[in-house]
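Colleague: Fold the following, please.
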Amino acid sequence: MDFNEFLRLSSKIKNIKLPAEASHLKMMPASRLELLKSQNEAIKVAKKAGVIALFYPDENLQTKFLLILRKTYEGIHSAQVGFPGGKLEIHDHSLKEAAIRETFEEVGVPKNDIIVIHELSGVYIPPSNFYVHPFIALTEKRPFFILQEDEVEAIIEVDLQHFLDENVIMTNRVKASYNIDVEVPTFLLNGHIVWGATAMILSEIKDLLKELI
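Modeller: Numbers count the residues shown, from 1 in each chain. Just a heads-up that it's a prediction; the model follows:
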């Protein structure tokens, strides 16, 4: 999709009601559905984080968005695909500010270049007890990425038109928390399997854009 066309569409996103749970449910494994009834209480005391779904033009003025591959480490989200962002810190004035700050720290996009369009629906992550607040944002020029080497293994630049293809959604077996293999709905983007909270956020973005196209 031409980036100017994306700019035209994105300006209308804030006027559309968020599909929220209807979008998230499409990418939830059966085991996660059982937790929905009890997660409202957990959210009240969960740690908070902000992430950015960042859209930008490539060298041909086609629209891309950014995902990151996290480093392999001893932790729940080791070697997973996600959005840049992170935990709300005491010096952050808002979750939006935390998301922008962490995006700069993780991939080097200057804070002043990130234009937040709209906040998306929050996603609770039971294994790490985080309530994640996603923001859809853009930068009007192709970023020069500088990776935070101890956090980010690689960047994944996804073509928007590829993402909108229904064939990128499938079911795969993945290794979830506690080293358990589960069958989950996934996106296959640039050869990477994307699942869990990231897939749920992507599902809402996709549904929003489909309403506008």
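
Colleague: In this structure Val194 contacts Thr186, no?
Modeller: Yes: judged on CB atoms under 8 Å, Val194 makes contact with Thr186 at a distance of 6.1 Å. Glycine gets a C-beta too; all of them are placed from N, C-alpha and C.

Colleague: helices or strands next to the helix ranked longest in the chain in the packing?
Modeller: For the chain, the helix with the greatest residue count under DSSP state H is helix 196-212. Other helices and strands packing on helix 196-212, by 3 or more CB pairs under 8 Å, 6 or more residues apart in numbering; DSSP states H and E, are helix 21-25, strand 47-57, strand 81-82, strand 123-125, strand 130-138, helix 160-164, strand 181-189.

Colleague: of all these, which lies closest to Glu211?
Modeller: helix 21-25 (10.9 Å; CB to CB).

Colleague: Pull out the buried residues from the closest one.
Modeller: 23-24 (16 or more other CB atoms under 10 Å).

Colleague: re earlier: now find how far off-centre the longest helix of the chain is within its chain.
Modeller: Centre-to-centre, helix 196-212 and its host chain are 9 Å apart (CA atoms, centre = their mean, to the nearest Å).

Colleague: Do me a favour and average the pLDDT over that helix.
Modeller: The average of the pLDDT scores along helix 196-212 is 95.

Colleague: neighbouring contacts of that helix?
Modeller: Contact partners of helix 196-212, identified using CB atoms under 8 Å, 6 or more residues apart in numbering, comprise 9, 12-13, 16, 18-20, 22-24, 26-28, 51, 53, 67, 80-83, 120-121, 123, 125, 132, 134, 136, 160, 163-164, 176, 184-187, 194.
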